[in-house]
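Undergrad: Make a model of this:
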Amino acid sequence: MLKAIIVEDEYLAREELEYLVKSHSEIDIVASFEDGLEAFKYLQDHEVDVVFLDIQIPSIDGLLLAKNLHKSTHPPHVVFVTAHKEFAVEAFELEAFDYILKPYNEPRIISLLQKIEQVGRQAPKPQHEAASNASRTVNLVKGERIIVTPCEQIYYAEADEKLTYVYTRTDRYVMQMTISEFVSRLPAEGFFRCHSSYCVNINKIREIVPWFNSTYLIRLHDLSFEVPVSRSNIKAFRQLMRL
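TA: Residues are numbered from 1 along each chain as shown. Prediction:
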């Protein structure tokens, strides 16, 4: 059975879409969200086949969320559901599965659901879960030991010339590689390169503090260190965090 989530901040639209999906398909709606960031966090730990995604939603707008999902190891099919026609071109540039306008047209929804289920039946079944699990972990070096670490436990990484320091809640690891190489090993949807010398885990952000030259400092859960956001990354950071 295909699994899906709905990301829609309008209660009635969300309820109507869930009713239509359940009435006309075997697709399982496993969760629904009003907020883009909450959906993003959920998708760090859960794989789904389909995301029904509104565009104008709180925290992270639908287009930005779709861009992050598009970079993931196993990207879900994204179906945009919106009252606005003007985002269609950008949506399909992100390889959207479909673009549905509100108010919903039931025959149009039925046709969409049939197409999703047909594609789902044709999709090859994964041979095992190893590849998926590997994308959620990274090997960190501690002395002569290699620690297989869930990516969600990493708070931030810091560059020091050709070395990278990686910080978890309780430890620091020294990696013999540049920060760009290390970041390439992390899931793109969970981390943000906020500075040429820093990469931060989005889910660990506790507070965003305005700093000089219209930049920011990022405060993380559990840690006292403040991670800077460079001026060159301000626009992307503001879009990501809806500032």
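Undergrad: residue at max distance from the center of the protein?
TA: In the chain, E144 marks the outermost C-alpha relative to the chain mean, sitting 33.3 Å out by Cα atoms, centre = their mean.
Undergrad: now that residue: how far from Y167?
TA: Counting by Cβ to Cβ, to the nearest Å, the gap from E144 to Y167 is 20 Å. Glycine gets a C-beta too; all of them are placed from N, C-alpha and C.
Undergrad: Downstream of the lowest-mean-pLDDT helix or strand in the chain, the next helix or strand is which one?
TA: Within the chain, no helix or strand scores below helix 130-134, which has a mean of 45 by mean pLDDT, DSSP states H and E. Once helix 130-134 ends, the next helix or strand along the chain (criterion: DSSP states H and E) is strand 137-142.
Undergrad: Next secondary structure after that next one?
TA: By DSSP H and E, the next helix or strand past strand 137-142 is strand 145-150.
Undergrad: can you pull the contacts of the closest residue to I179 other than its chain neighbours?
TA: Nearest residue to I179, sequence neighbours excluded (Cβ to Cβ, 6 or more residues apart in numbering): A159, at 3.8 Å. By Cβ atoms under 8 Å, 6 or more residues apart in numbering, the contact list for A159 reads Y165, T178, I179, S196, S197, Y198.
Undergrad: neighbours around V50, how many?
TA: 27 (other Cβ atoms under 10 Å).
Undergrad: Q153 now?
TA: Neighbours of Q153 under the rule other Cβ under 10 Å: 18.
Undergrad: Helix or strand for the closest residue to T82 other than its chain neighbours, just tell me which one.
TA: Closest residue to T82 apart from its sequence neighbours, by Cβ to Cβ, 6+ apart: I55 at 4.6 Å. For I55, there is no host helix or strand (DSSP H and E).
Undergrad: List the contacts of I55.
TA: I55 sits next to D61, G62, L63, F80, T82, H84, F87, A91 when contact means Cβ under 8 Å, 6+ apart.
Undergrad: quick one: Q44 and P76, what's the gap?
TA: Distance, Q44 to P76, using Cβ to Cβ: 13 Å.
Undergrad: Those two: who's more crowded?
TA: P76 (21 against 16).
Undergrad: The more buried one is in contact with H46, isn't it?
TA: No. The pair P76 / H46 is not scored as a contact, 10.2 Å apart, by Cβ atoms under 8 Å.
Undergrad: Identify the spatial nearest neighbour of I60, chain neighbours not counted.
TA: G36 (3.4 Å).
Undergrad: what does the model give the one you found for pLDDT?
TA: On pLDDT, G36 comes in at 90.
Undergrad: Please name the residues that touch it.
TA: G36 makes contact with V7, I57, P58, S59, I60, D61, G62, L64, L65, R242 under the criterion Cβ under 8 Å, 6+ apart.
Undergrad: Name the residues that touch the helix or strand containing E18?
TA: In the assignment (DSSP H and E), E18 maps to helix 11-24. For helix 11-24, contacts defined as Cβ under 8 Å, 6+ apart pick out 4, 6, 8, 27, 29, 32, 34, 52, 54, 81, 102, 104, 106, 109-110, 113.
Undergrad: Ok, stretch 233-243 next?
TA: Against stretch 233-243 from outside (Cβ under 8 Å, 6+ apart): 36-37, 58-61, 64, 192-195, 202, 205, 208, 214-216, 229.
Undergrad: measure stretch 138-148 end to end?
TA: Stretch 138-148 has an end-to-end distance of 6 Å (Cα to Cα, to the nearest Å).
Undergrad: Could you pull up phi and psi at P76?
TA: Taking degrees, to the nearest 10, you get phi -80, psi 160 for the backbone angles of P76.
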